[in-house]
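Visitor: Predicted coordinates and the sequence they were generated for:
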Amino acid sequence: MQNEEFVRGMRHAASIVDAKAPLDAQAYKDWLLHVSEKVAEASKEGGFLGFGGVAVSDAEKATLAEMRTALGR
């Protein structure tokens, strides 16, 4: 449920920027995605003592995909 609220909030913020600052909207959306991708890549999921695991979990990949859709990317 939190994920849905987050994506809904992101969609709302993007629509406000589209309406109020259309020349900056693309850069804002790109920045949001860039920061989100860096956060998702910040630490590995799974593994043991730093060995193995994945850089971006399936849940994080799904959230990033929802974000891209919400931002029209």
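Guide: Done, it's in.

Visitor: tell me the contacts of residue 30?
Guide: residue 73 (Cβ atoms under 8 Å, 6 or more residues apart in numbering). In this view, the C-beta of every residue, glycine as well, is placed from N, C-alpha and C.

Visitor: Go ahead and report the secondary structure state at it.
Guide: Following DSSP: H, G, I helix; E, B strand; the rest coil, we place residue 30 in the helix state.

Visitor: Same question for residue 56.
Guide: Here residue 56 is recorded as coil under three-state DSSP.

Visitor: Let me see the ranges of the strands in the chain.
Guide: Shown for the chain, no strands are assigned by DSSP state E.

Visitor: Helices along that one, start to end?
Guide: For the chain, the helices defined by DSSP state H cover 2-20, 22-40, 58-70.

Visitor: May I have the shortest one exported as PDB, CA atoms only?
Guide: Same thing as helix 58-70. The C-alpha coordinates for helix 58-70 follow below in PDB (Å, rounded to 0.1, in the frame of the first residue of the first chain):
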ATOM      1  CA  ASP A  58      12.900  -7.400  -7.900                       C
ATOM      2  CA  ALA A  59      10.700  -5.200  -5.700                       C
ATOM      3  CA  GLU A  60      12.900  -2.200  -6.400                       C
ATOM      4  CA  LYS A  61      12.800  -3.000 -10.100                       C
ATOM      5  CA  ALA A  62       9.000  -3.100 -10.000                       C
ATOM      6  CA  THR A  63       8.900   0.200  -8.100                       C
ATOM      7  CA  LEU A  64      11.200   1.900 -10.600                       C
ATOM      8  CA  ALA A  65       9.100   0.600 -13.500                       C
ATOM      9  CA  GLU A  66       6.000   2.000 -11.800                       C
ATOM     10  CA  MET A  67       7.800   5.300 -11.300                       C
ATOM     11  CA  ARG A  68       8.700   5.400 -15.000                       C
ATOM     12  CA  THR A  69       5.100   4.800 -16.000                       C
ATOM     13  CA  ALA A  70       3.800   7.400 -13.500                       C
END
